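S.K.: Build me a structure from this.
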Amino acid sequence: MRKPIFLFVILIISSLLLGACASEEEKMIVSSAEKFAANYILEKYGVTVRFKEYKFSPPDLSNSLGLHGYIEGDKKKKVFVLVNYDPLSVETLSLPEGISKKPNSK
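M.R.: Residues are numbered from 1 along each chain as shown. Take a look at the predicted model:
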């Protein structure tokens, strides 16, 4: 009777440890993607953004992450960026009306 309980406890502990590792990896991916996207928008469009939400695409479809945020100073001006995190690149970008590329950016 004690053996199944012991195995169950071991299973729960190992699940928690593996979950914590995945969580740290996820945090690193999100942090890198946010920095990359914010720098991309600043360089290409000259505006500073803040991200407040993210959502991973299903891993069997792509290595991408959707970032939702706003233009710094005006939370009503919404921003969406779909970032491929392996390797880092911007797949899709949605900015508020009136924001255009800087003349010297490619």
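S.K.: and Phe36, helix, strand or coil?
M.R.: The local conformation at Phe36, judged by DSSP: H, G, I helix; E, B strand; the rest coil, is helix.
S.K.: In this structure it contacts Leu88, no?
M.R.: Yes: with contact defined as CB atoms under 8 Å, Phe36 reaches Leu88; the gap is 4.7 Å. C-beta coordinates here come from the backbone N, C-alpha and C atoms, glycine included.
S.K.: pull the CA atoms of the biggest strand by length in the chain into PDB?
M.R.: Using DSSP state E, we find that the single longest strand of the chain is strand 74-85. Only the C-alpha atoms of strand 74-85 are listed here, as PDB (Å, rounded to 0.1, in the frame of the first residue of the first chain):
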ATOM      1  CA  ASP A  74      -1.100  56.100 -25.000                       C
ATOM      2  CA  LYS A  75      -2.700  52.800 -23.900                       C
ATOM      3  CA  LYS A  76      -5.400  53.300 -26.500                       C
ATOM      4  CA  LYS A  77      -3.000  52.900 -29.400                       C
ATOM      5  CA  LYS A  78      -2.800  49.100 -29.600                       C
ATOM      6  CA  VAL A  79       0.100  47.100 -31.100                       C
ATOM      7  CA  PHE A  80       0.400  43.500 -32.200                       C
ATOM      8  CA  VAL A  81       3.500  41.700 -33.200                       C
ATOM      9  CA  LEU A  82       3.900  38.000 -34.200                       C
ATOM     10  CA  VAL A  83       7.500  37.100 -33.500                       C
ATOM     11  CA  ASN A  84       9.200  33.900 -34.700                       C
ATOM     12  CA  TYR A  85      11.500  33.000 -31.700                       C
END
